[in-house]
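Trainee: Attaching a predicted model along with its sequence, questions to come.
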Amino acid sequence: MSLEGNVSISLSLAGQGVQRAVVKSQRPLLAQALLAGSDAKDAPQKVGLVFSLCAKSQASASVFAIEQASNSPVSGAACGVRAQLVSMELIREHLWRICLDWPGLRGAQIESALMKQVLLLDKEWEACLDANHQAFVVGGDVKPPLKSKASTIALKLGTLLKERIFYMPPKAFYACKGAEEFLLWAQYTQMNVPQMIQSLVHRGWQGVGQAETQVLPHLDLAWLESALSAEDAESFMKQPTLDGEACESTPYARQKAHPLIVELEQNYGLGLLVRFTAVLLDLAKTYLDLEKALMQFEPKCDVKGVALEHTGFGVVEAARGRLLHRVVLNDENKIETYQIVAPTEWNFHPDGVLKKALETLKGDEESIEQQAKLLIHAMDPCVKFKLDINHA
């Protein structure tokens, strides 16, 4: 098992469908073992190195938790730069899946050259916003970036999204409210992303994987403190629930109120079409938020409530869902407790939405395997996954 673990998914087939699905997130609880006893100020850098996937989201959640626990002041400039770095990371992670995974799911050629362009823009963005690597340092000397340079990079990214992903400006894509307009775009635009949507329509798989779900709402810090300070906190971190329910924290959870998602869900149910569309809307919305933030004169910190003394929380919306860090410090500003609840533990819960969705699949073994892979990629674990299929 790697440091970050993996997700194991097993399907038992009977007749023409899935009789039983078993989903296991096998992610070791590393944070406490690695960070207990460390100086608080060192934690964000360690976290960013150990958890390489979505490293900026991890470092951002960590530094906010440390600052809250140590009652350290944080500037609006620092909050703004962190948010912009996390936004670019979210865009990069979505594009990684869209360029490298989505084509393979429909037997097309991956877009590695396009992904190289994205990675170069990501590096330019980091160099522009955080040249001295202070954004995720407690009390770091973060200076607002040169807006003209940041705007130039954002414009390059916007052009890439327009010409290679949406085939219209991201703003126009996000403004799409009608299912008919959206499906016509998919039908008549002969490029990677719309053809992914069209492939679902062509196979009649728009509604595949429909299952009841509860999206993860705002979590009160007092409730989180109770859950993570309890004797069974380790069980909660591995298999979190809210009032006994396994919630989901996915791009769909963020975009479920969008008019296009609402209409598609009404027409086809919460299946593959809705989930892949939600990823595209999430990508467009994140870019628009990034553009908007560049226009703000003075960014402000979004304070996540007030924690107990020596206790801090960091909450970040990462590409795959909501990421939570909790830290408890001692009087010497060293770490007593460090806990992380990642979106994988919500979305790939043993009794969660993926299990329910997989157990609705029908067809022969080949089509079930294809549908299962599509569902898994649509919900996208933070780690590698292994899919096994056997007959009951």
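Mentor: Everything's here; your move.
Trainee: What are the boundaries of the strands in the protein?
Mentor: With strands called from DSSP state E, the chain shows them at 6-14, 17-26, 311-318, 321-329, 335-341, 384-391.
Trainee: Let me know which of those strands is the nearest to D130.
Mentor: For D130, the closest of the strands of the chain is strand 311-318, at 16.0 Å, according to CB to CB. (Each C-beta comes from the backbone N, C-alpha and C, glycine too.)
Trainee: still on that earlier bit, highest mean neighbour count out of the strands of the chain?
Mentor: Mean neighbour count (mean count of other CB atoms under 10 Å) peaks for strand 321-329 among these, with a mean of 25.
Trainee: Run through the neighbouring helices and strands of that one.
Mentor: Under the contact definition 3 or more CB pairs under 8 Å, 6 or more residues apart in numbering; DSSP states H and E, strand 321-329 sits against helix 55-69, helix 221-229, strand 311-318, strand 335-341, helix 343-347.
Trainee: so what does the last one touch, helix or strand wise?
Mentor: Identification of packing neighbours for helix 343-347 by 3+ CB pairs under 8 Å, 6+ apart yields strand 321-329.
Trainee: then the strand it packs on to CSV, C-alphas only?
Mentor: Output of strand 321-329 as CSV, limited to C-alpha atoms (Å, rounded to 0.1, in the frame of the first residue of the first chain):
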residue,chain,number,x,y,z
GLY,A,321,-14.7,17.5,-2.4
ARG,A,322,-14.4,19.0,1.0
LEU,A,323,-11.2,18.6,2.9
LEU,A,324,-11.0,19.0,6.7
HIS,A,325,-8.0,19.3,9.0
ARG,A,326,-8.2,19.5,12.8
VAL,A,327,-5.3,20.3,15.0
VAL,A,328,-4.8,20.5,18.8
LEU,A,329,-1.7,22.2,20.1
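Trainee: mean confidence score for that strand?
Mentor: Mean per-residue pLDDT for strand 321-329: 95.
Trainee: strands paired with it, and their directions?
Mentor: With DSSP bridges as the test, strand 321-329 is paired with strand 311-318 (antiparallel), strand 335-341 (antiparallel).
Trainee: just the CA coordinates of the longest one, formatted as PDB?
Mentor: Provided in PDB are the C-alpha atoms of strand 311-318 (Å, rounded to 0.1, in the frame of the first residue of the first chain):
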ATOM      1  CA  THR A 311      -7.800  23.800  18.600                       C
ATOM      2  CA  GLY A 312      -8.100  24.800  15.000                       C
ATOM      3  CA  PHE A 313      -9.900  23.700  11.800                       C
ATOM      4  CA  GLY A 314      -9.100  24.200   8.200                       C
ATOM      5  CA  VAL A 315     -11.800  23.500   5.600                       C
ATOM      6  CA  VAL A 316     -11.000  23.700   1.900                       C
ATOM      7  CA  GLU A 317     -13.100  22.700  -1.100                       C
ATOM      8  CA  ALA A 318     -10.600  20.700  -3.100                       C
END
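Trainee: Tell me, how many residues neighbour N132?
Mentor: N132: 10 surrounding residues under other CB atoms under 10 Å.
Trainee: Name the nearest residue to it, sequence neighbours excluded.
Mentor: Excluding the flanking residues, the one nearest N132 by CB to CB, 6 or more residues apart in numbering is D141, at 7.3 Å.
Trainee: Quick one: closest of the strands of the chain to I165.
Mentor: Closest approach to I165 among those (CB to CB): strand 311-318, 20.0 Å.
Trainee: Now do the closest one against helix 55-69, angle only.
Mentor: 160 degrees (axes from the mean of the first three to the mean of the last three CA atoms, to 10 degrees).
Trainee: Need the contact partners of strand 311-318.
Mentor: By CB atoms under 8 Å, 6 or more residues apart in numbering, the surrounding residues in contact with strand 311-318 are 54, 57-58, 60-70, 86, 89-90, 93, 219, 221, 224-225, 254, 304-305, 307, 322-329, 343.
Trainee: can the strands of the chain go into a markdown table with extra columns for distance to K171?
Mentor: As requested, the strands of the chain are exported to a markdown table (distance: least, CB to CB, whole Å):
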| stretch | distance to K171 |
| --- | --- |
| strand 6-14 | 35 |
| strand 17-26 | 36 |
| strand 311-318 | 20 |
| strand 321-329 | 25 |
| strand 335-341 | 34 |
| strand 384-391 | 34 |
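Trainee: Nearest approach to A284 belongs to which of the strands paired with strand 321-329?
Mentor: strand 311-318 (15.2 Å).
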